[in-house]
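# show me the folded form of this:
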Amino acid sequence: MRWAVAMLLLSGAAQADPLGANDYAAMFEEYADQVVTDAGGARALERDDGVTVYETIDGDTRLYAGVDFHKGGPVGCLTSFYAETLSFVQACPDLAPTPNPEHLARLLVFYAENAAPPADPAVLKARFDALVAQHSDQITQCVPNSVMIDYAKVLMGEGADELFDTVLATPRLPVTQPCP
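All right, here's what the predicted structure looks like:
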């Protein structure tokens, strides 16, 4: 298990949810009787909602990775891609579909209700906006053949309603992995 946790953390999962809503340390404390520890010290908490959270210690730092194999993928992954894509769409509005504000509202309400502990959607909206701004700082040009246009078509185009319906169908902890 320690190897699997290390691979998740190295793949960018050190931030187990992009909006920083989950209190993983509190989860591990509250459900201590359900935590499994391997010989190397890595710990795992299999939640009732089907999400598994892994914890490993690096010096004085505890690192977490949440894994969700539900249909449609993890909500944190969708959130990350949506923030990055929205930053591109705002910078290059002529190249991508116009986002449906209902999608973001649904995503943030789902995220807030399923975070541990539950969060305030307004606080998550501010964090999401900061994430979008961070990605916006990285956009240097609007290129007509950018892969971001393909992401925008999936996340904001004709099939977006179905995508959001699928990903948000099952209440569960918003985590990031596996994120393609």
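
# going by C-alpha atoms from here, please, whenever you check contacts or count neighbours.
Fine.

# helices of this protein, residue ranges please.
For the chain, applying DSSP state H gives helices covering 2-8, 24-30, 75-91, 101-114, 121-136, 147-156, 160-167.

# tabulate these (TSV), appending distance to Val53, mean pLDDT and mean neighbour count.
TSV is the format used below for the helices of the chain (distance: least, C-alpha to C-alpha, whole Å; pLDDT from 0 to 100; neighbours: other C-alpha atoms under 10 Å):
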stretch	distance to Val53	mean pLDDT	mean neighbour count
helix 2-8	10	38	16
helix 24-30	8	96	15
helix 75-91	13	95	22
helix 101-114	14	97	18
helix 121-136	21	96	17
helix 147-156	26	92	19
helix 160-167	19	96	16
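
# out of these, nearest to Cys179?
Nearest of the helices of the chain to Cys179, taken as C-alpha to C-alpha: helix 75-91 at 5.4 Å.

# CA-only coordinates of the closest one in PDB, if you can.
Below are the C-alpha coordinates for helix 75-91, written out as PDB (Å, rounded to 0.1, in the frame of the first residue of the first chain):
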ATOM      1  CA  VAL A  75     -15.600  15.400  -8.300                       C
ATOM      2  CA  GLY A  76     -12.200  17.100  -7.400                       C
ATOM      3  CA  CYS A  77     -10.900  16.100 -10.800                       C
ATOM      4  CA  LEU A  78     -13.900  17.700 -12.500                       C
ATOM      5  CA  THR A  79     -13.400  20.800 -10.400                       C
ATOM      6  CA  SER A  80      -9.800  21.100 -11.300                       C
ATOM      7  CA  PHE A  81     -10.400  20.700 -15.100                       C
ATOM      8  CA  TYR A  82     -13.400  23.000 -14.900                       C
ATOM      9  CA  ALA A  83     -11.400  25.800 -13.200                       C
ATOM     10  CA  GLU A  84      -8.500  25.400 -15.700                       C
ATOM     11  CA  THR A  85     -10.900  25.400 -18.700                       C
ATOM     12  CA  LEU A  86     -12.900  28.300 -17.400                       C
ATOM     13  CA  SER A  87      -9.800  30.400 -17.200                       C
ATOM     14  CA  PHE A  88      -9.100  29.600 -20.800                       C
ATOM     15  CA  VAL A  89     -12.600  30.400 -21.800                       C
ATOM     16  CA  GLN A  90     -12.500  33.700 -20.000                       C
ATOM     17  CA  ALA A  91      -9.200  34.600 -21.700                       C
END
